[in-house]
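Visitor: take a look and give me a structure for this.
(2 chains)
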Number of protein chains: 2
Amino acid sequence: MADPRTKSLKTVDEWEHEADVVVVGYGGAGACAAIEASRAGARVLLLEATGGGGGSTALSGGHLYLGGGTRPQKAIGSDDSPEQMFRYLMAGGDGPDEHKARLYANESVSHFNWLVSLGVPFTDTIWEDRHTIQPTDACLIWSGNEKAYPFVESARPAPRGHKVAREGDAGIELWKHLSKAVEASETEILYDTAGRALVTNDSGRVVGVVARKEGKELFVKAHRGVILTSGGFIMNMKMLANHIPRLYARIDDIELHGNPKDDGSGIQMGAAAGGAAIRMSEMFLTTPWYPPSSFTFGIMVNIRGERFINEDCYHGRVSAGAFEQPEGKAYLIVDHQAFGFPESDTRLAATEESIPEMERALDMPTGNLMHTVMHYNEQASRGIDPLFRKQSAWLRPLEASPFAAIDCSVGSSPYYAFTLGGLRTAPGGQVLSEEGETIPGLFAAGANSSGITRSASTYCSGQSIGDATFFGRQAGSSAASSPPW
Amino acid sequence: MADPRTKSLKTVDEWEHEADVVVVGYGGAGACAAIEASRAGARVLLLEATGGGGGSTALSGGHLYLGGGTRPQKAIGSDDSPEQMFRYLMAGGDGPDEHKARLYANESVSHFNWLVSLGVPFTDTIWEDRHTIQPTDACLIWSGNEKAYPFVESARPAPRGHKVAREGDAGIELWKHLSKAVEASETEILYDTAGRALVTNDSGRVVGVVARKEGKELFVKAHRGVILTSGGFIMNMKMLANHIPRLYARIDDIELHGNPKDDGSGIQMGAAAGGAAIRMSEMFLTTPWYPPSSFTFGIMVNIRGERFINEDCYHGRVSAGAFEQPEGKAYLIVDHQAFGFPESDTRLAATEESIPEMERALDMPTGNLMHTVMHYNEQASRGIDPLFRKQSAWLRPLEASPFAAIDCSVGSSPYYAFTLGGLRTAPGGQVLSEEGETIPGLFAAGANSSGITRSASTYCSGQSIGDATFFGRQAGSSAASSPPW
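Guide: Numbering: from 1, shown residues only, chains lettered A, B, ... in the order given. Got it, this is the predicted structure:
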């Protein structure tokens, strides 16, 4: 029998805690919500299921997808604008909510400056090579599909991945400054306290939270609003089976990326209160098949020996394509000239003197890979790729033997995944019903909401933390200014 | 501001109606639920949003996907068994809930006999050609992927599409008998009465329904259970945008298949009561590219001139593949020998004397289609199809000019769609939470639930009505035997 995710106000005898704004989950989104709500004069109470804050933000690489002319962008001479950034966000398929994308692009410089005002450090440098994460403290990186087709036809490319200044993974550095700002506010934090249900009044307005602390139920009154920021559902096997069966079917071959409390409880609570849980089948998925950048000169093929994507796309977009191929099998074919030392755990499937030998080594049908390579080489020598439109900078015939096949198959190459589906929200963080109407008193941000990126094929590094921190702030401001019930 | 989809029992002053079992939606699932609940001794009240019953069942072709050795199967000498049927249902990718599939296969003969006992007529004949619907009153048809790879490797093929005896579309004939059985029961029916919200008590048990009739709210008490059977959401544009963006993006090119009240209200109510709404991104999708059967000798290619599927699959599986190709473009290439008069509205894109001319006519890159055809012919002449495993009965080199291209592209060829996502249910029709726990007092069936088929690529004609009638019955029995609150 299911534990209800909403409770009627009429069943509440006593409130153990109260605040103007109650935030459920103390990661990047929750911290930013608390900071802004507090600055707007609200008394804020944060409920955190674990013994400490940080969530997936602290575990992350520390990229934020920002642009429109930030300080580091200007310093390196990159010409970006809110309009170009907006166009980019809307390109390439299932785009985000247009109003959210517009606000995010328009306010991106301001959000960068806000982070700086909290003390978050960024250098004025760029890492030019293709990489999943800058090994140095360089700020900018091309962290998406900006220079690749079809995106490049919609918007002028600009590097928008902004990494917090720290070598390698920098989420912990970002968290240091966010948590410091929360501590400097009047925000009260209850640790080891998990949100379990929302309390609603007769008209469906959210008026509080039922939490669980040390096995006991705790009723927490929210005068103005509840903000759900308790993460996605990558650690909830039942929800993965319900919503992402293609992931669940390969669960042993995929590293689930997140923290143990990414259990979907916030999404479940929001849905029970009438919020629409949307894009629940979508996930971020990648196998880091580059660096080296030179691998981009190669071609990615399936077991039929056919290409399926332009290889100059972001690793996640290419990986999402590879994942969908028959049996999840994909090989990057490079020649001697394109080969380089793989920095990640990619596996060499074969090295052969000729393409026909490669076909046999990879157990491909005779002649298909040969046709693919001949066709590719013929077009590449003319600087074009009519089939997939890889950009000319990465086109060069594959003819310097020996040839190598890097195994990018699911089960052979390490794949990482986290969920992208969540509650539908307005630009101000208000949770919306299936019909697009607000649920009074309820807000969401971070991986509890469906954000700026909605699928693996359009995701860019930095969009999760960018979205979580930015829309966390919006939700905090909105909740603080909501009329009390 | 969203109209709440659940109401606390404490807000109910008076019940205008009451029954043991309240069924929301009078289509195939609702009718069968009412019949069984009534036979089990329950007082049943049916709420129907429109002025008459029938729902999508009455509008349908009247196929039921049944097997395991039904009377018509035996009459034509087809060797089927519950085990083979179960194996088939679980094959080909994202299969249904295993327990539901097992029950459905085991009880399929009994369900056929139950329908016969209501007077539903079936002939003991088969329509052997490939078709979307038998033009005659023939009962059996190969309505799925039974003889195609990979299904054929999991289960012994048997024709399982059972059409009610009537020429062409036969849903109306099925409905005649289902509604007669409902009328013969003690079931009370309120027409023009739409379910709007569920009433729950303090522990989350569903105890009634808030309905709307002639603009007025009506409180309906359910002593034992509420059964949601009010259809899918193909007519709700906001839900399509929320959950099936790839459909929504091509909405002008697709015929939405259903009735105007397929508005997702039942799914919304169930989700608000704590039910998991799963597989919400999935839809049935087809363009009827055959008959004639001889088209199966052709090859289906995308604009790169590549095949993407074995063409002996069910039209829906092939169409779902076509829909996912670049720009939704696909062409069936046939030679003179495979050509036949298309019975549906498919469009001829080109007729050419040679494949290179066909490439130019279809604006394909030079050489790819030529390679595809040469490779296909070479293998087909040996009776094999290593790339996609079309069965040998449909393999014949394409060499008799002239060649024709049938345009199966989205926007050129008529595509039909309806939704497959819905509430997660147990074999007995109980609605389940994300964690798999029951929501006491709540049941669902038909397109309010996620059924036997979960995606376009495994759908077979007759699975919607088969699932709706069968699991409608289970929900009716379960609700009738639930303890009153």
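Visitor: for the stretch 101-250 of chain A, which residues are neighbours of chain B?
Guide: Taking Cβ under 8 Å from any Cβ of the partner chain as the criterion, the stretch 101-250 of chain A approaches chain B at residues A:200, A:202, A:203, A:204, A:236, A:238, A:239, A:242, A:243, A:245, A:246, A:249. Every residue, glycine included, has its C-beta placed from N, CA and C.
Visitor: quick check: residue A:12 vs residue A:328, distance?
Guide: From residue A:12 over to residue A:328 the distance is 49 Å, taken as Cβ to Cβ, to the nearest Å.
Visitor: and residue A:8, by the same measure?
Guide: Distance, residue A:8 to residue A:328, using Cβ to Cβ: 47 Å.
Visitor: next: residue A:460.
Guide: Taking Cβ to Cβ as the measure, residue A:460 falls 23 Å from residue A:328.
Visitor: also residue A:291?
Guide: Per Cβ to Cβ, residue A:291 is found 23 Å from residue A:328.
Visitor: which of these two has more neighbours?
Guide: Neighbour count, other Cβ atoms under 10 Å in any protein chain shown: between residue A:291 and residue A:328, residue A:328 has more, with 22 against 19.
Visitor: where does residue A:417 land in three-state SS?
Guide: With DSSP: H, G, I helix; E, B strand; the rest coil as the basis, residue A:417 sits in strand.
Visitor: okay, now the closest residue to chain B within the stretch 201-350 of chain A: neighbour count?
Guide: Proximity of the stretch 201-350 of chain A to chain B (Cβ to the nearest Cβ) peaks at residue A:204, 3.3 Å away. Neighbour count for residue A:204, taken as other Cβ under 10 Å: 24.
Visitor: repeat for residue A:51
Guide: Neighbourhood size, residue A:51 [other Cβ under 10 Å]: 7.
Visitor: quick one: it from residue A:59, how far?
Guide: Distance, residue A:51 to residue A:59, by Cβ to Cβ: 15 Å.
Visitor: residues contacting the residue of the stretch 201-350 of chain A closest to chain B?
Guide: Contact analysis of residue A:204 by Cβ atoms under 8 Å, 6 or more residues apart in numbering or on different chains lists A:273, A:274, A:439, A:440, B:2, B:3, B:4.
Visitor: restricted to strands, list these.
Guide: Counting by DSSP state E, the contacts of residue A:204 place A:439, A:440 in strands.
Visitor: between the contacts of residue A:204, which is closest to residue B:194?
Guide: Nearest to residue B:194 among those: residue B:3, at 11.9 Å, using Cβ to Cβ.
Visitor: how close does residue A:384 get to residue A:310?
Guide: Residue A:384 is 12 Å from residue A:310, where distance means Cβ to Cβ.
Visitor: which of the two has more neighbours?
Guide: Remark: of residue A:384 and residue A:310, residue A:310 carries more neighbours, 23 against 13, as counted by other Cβ under 10 Å.
Visitor: that one reaches residue A:385, doesn't it?
Guide: Yes: the pair residue A:310 and residue A:385 qualifies as a contact (Cβ atoms under 8 Å) at a distance of 6.8 Å.
Visitor: what about the longest helix along chain A, distance to the chain center?
Guide: For chain A, the helix with the greatest residue count under DSSP state H is helix A:463-480. In terms of Cα atoms, centre = their mean, to the nearest Å, the centre of helix A:463-480 is found 14 Å from the chain centre.
Visitor: and stretch A:213-226, by the same measure?
Guide: Centroid displacement of stretch A:213-226 relative to its chain, using Cα atoms, centre = their mean, is 29 Å.
Visitor: what's the answer for stretch A:243-262, then?
Guide: Centroid separation between stretch A:243-262 and its chain, computed with Cα atoms, centre = their mean, is 15 Å.
Visitor: mean confidence for it?
Guide: The pLDDT scores in stretch A:243-262 average 95.
Visitor: how about residues contacting it?
Guide: For stretch A:243-262, contacts defined as Cβ under 8 Å, 6+ apart pick out A:49-50, A:55-56, A:59, A:194, A:230-237, A:240-241, A:280-285, A:323, A:328, A:410-411, A:414-419, A:421, A:447, B:94, B:278-279, B:454.
Visitor: can you check stretch A:285-294 too?
Guide: The contact list for stretch A:285-294 (Cβ under 8 Å, 6+ apart) reads A:129-132, A:247, A:254, A:295-296, A:300, A:315-316, A:318-320, A:322-323, A:332, A:334, A:337-344, A:346, A:406, A:408, A:410, A:413-417, A:456.
Visitor: how near is residue A:146 to chain B?
Guide: 21 Å (Cβ to the nearest Cβ, to the nearest Å).
Visitor: which residues does the closest residue to that residue other than its chain neighbours contact?
Guide: Sequence neighbours aside, residue A:157 is the residue nearest to residue A:146 in space, at 4.0 Å (criterion: Cβ to Cβ, 6 or more residues apart in numbering or on different chains). With contact set as Cβ under 8 Å, 6+ apart, residue A:157 has these partners: A:142, A:146, A:147, A:151.
Visitor: show me which of those are buried.
Guide: Neighbour counting by 16 or more other Cβ atoms under 10 Å in any protein chain shown classes A:142, A:146, A:147, A:151 among the contacts of residue A:157 as buried.
Visitor: quick one, strands of the stretch 101-250 of chain A?
Guide: With DSSP state E, counting those that start in this stretch as the criterion, the stretch 101-250 of chain A has strands at A:126-127, A:140-141, A:161-163, A:188-190, A:193-200, A:206-213, A:216-228.
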